[in-house]
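Q: This is the structure alone, sequence omitted:
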Ligand code: DLL
């Protein structure tokens, strides 16, 4: 647990919008959903066709209760209509274009109008204010600038607050730490695996992150992680660390964020309507049940999306007003993606299940890697795990005992036999962007 837990103040950027009552949120959503359907009907040939095929007219949708009548939008739809087939405004209204980090085929394109950019910056300003960032802060943006939405997204949100923004982007880890120290950085945002690496690097440089740095609030996201990793980061930096969720297709980061209650992520419900569905049947699931997150963008102008299937797995938490005073719907941490599940000898495994077990165990260090191979006809699962410096320098029997404990906890959690390999601290590859956790070396199936 971070030393400074609870020291941050609960504050609001757009108090009126953030403190909407559950009833008002619903009214705003109803009104914006009706407006959205009308807008895409008029402006988007793609949605007009899709809606007509379902017999839906511009005024058929009256409220969010009608949401299930609307079709889903998928990543394939974005790819098939590359690059600008989903625009709902004339091209002249587009002022920014980002793409997703697609590694195969066409990337997915995200276009913004001027108003989209304003709303995005406001959402990020809400998120940062909610987690204690103020105009007094020196805010380091340790996320890629460029086509990736992370860097520029946080940049403009933090600038809007009036914080002193340090656009250090990614890479050059020692330089990042030096800037953090020399400029008295008090808040930063990064990918969680990179935040751990920054902390380790600081220690290597003889800098104690708790004593020699002034960081008081951190937000991390853009890749799956666990509360165990959060605890490690809070211990490392001695401050609170918040989960930050978003995806480029619906605009980038700033979709959902933790508040200082750290009890689920608030989705800005005046701008994003969320559902959780059974990924196999498409049916909506009630709060408390885990499924695929589906997002409808209520305010986006240039490229609004209706019922976008994120492939992210999470659940809606209950509808109570949070102790921070916000009724914006909360979701759980993201368990993983429907497409990052690995099937090993018929058993479904999510990398996050492994992370969840590991990051809570004493003796386990900051990095791990999952390797899947084929031995004869059998799939073999191997997990390579860095241990802490103490364990590494300690006695052999402690290493052996740790390895056995990890094996047995992982086997219990996954219901699968596996091999555990322990590694020296800092020896597994680090990424400057999203961590690559899984090496699937099985021949193409
Ligand atoms: O990662 C946007 C972002 C930037 C979010 C900075 C947070 C901070 P994409 O590159 O399009 O956009 O990747 C989006 O990353 O569908 C999730 O699978 C995953 N993801 C994002 N945030 C989290 C999180 C950005 N907090 C994809 N926890 C999403 C788990 C996350 N997974």
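A: Nice, thanks for sending it over. Because the structure is a prediction, the values reported are computed rather than measured. Numbering: from 1, shown residues only.

Q: how is this structure carved up into domains?
A: 5-21+112-337, 342-440 (automatic domain parsing).

Q: how about the residues of the stretch 101-250 of the chain near the ligand?
A: Contact residues (Cβ under 6 Å from any ligand atom) of the stretch 101-250 of the chain with the ligand: 101, 143, 149-150, 221-224, 243-248. Every residue, glycine included, has its C-beta placed from N, CA and C.

Q: Residue 325: which of those is nearest?
A: Taking Cβ to Cβ as the measure, residue 325 lies nearest residue 243 of those, at 19.0 Å.

Q: List the contacts of the residue lying closest to the closest one once chain neighbours are set aside.
A: Among residues not flanking residue 243 along the chain, residue 258 sits closest, at 4.7 Å (Cβ to Cβ, 6 or more residues apart in numbering). Neighbouring residues of residue 258 by Cβ atoms under 8 Å, 6 or more residues apart in numbering: 131, 242, 243, 244, 264, 265, 266.

Q: returning to what we had before: could I have the ChimeraX command that selects the buried members from the residues of the stretch 101-250 of the chain next to the ligand?
A: Typed into ChimeraX, the line below selects the buried ones among these, using 16 or more other Cβ atoms under 10 Å:
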select :143,149,150,221,222,223,224,243,244,245,246,247,248
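
Q: What about the residues of the stretch 101-250 of the chain next to the ligand, which are in helices?
A: 149, 150 (DSSP state H).

Q: mind listing which of the residues of the stretch 101-250 of the chain next to the ligand are in strands?
A: 221, 243, 244, 245, 246, 247 (DSSP state E).

Q: Quick check: residue 326 vs residue 133, distance?
A: 16 Å (Cβ to Cβ, to the nearest Å).

Q: now residue 105
A: The gap separating residue 105 from residue 133 is 37 Å, by Cβ to Cβ.

Q: just residue 113 next, same as before
A: 26 Å.

Q: more neighbours, the two?
A: Set residue 113 next to residue 133 and count neighbours by other Cβ atoms under 10 Å: residue 133 wins out with 28 against 19.

Q: if I pick that one, what's in contact with it?
A: The neighbours of residue 133, taking Cβ under 8 Å, 6+ apart as the test, are 139, 158, 161, 163, 187, 217.

Q: Please report the distance of it from the ligand.
A: The spacing between residue 133 and the ligand, counted by Cβ to the nearest ligand atom, to the nearest Å, is 15 Å.

Q: same question, residue 202
A: According to Cβ to the nearest ligand atom, residue 202 and the ligand sit 22 Å apart.

Q: Which strand residues bridge the spatially most central residue of the chain?
A: With distances taken as Cα atoms, centre = their mean, residue 245 lies nearest the centre of the chain, 3.1 Å away. Residue 245 has the following beta-bridge partners by DSSP bridges: residue 256.

Q: my guess is it meets residue 264, correct?
A: No - judged on Cβ atoms under 8 Å, residue 245 makes no contact with residue 264 at a distance of 10.8 Å.
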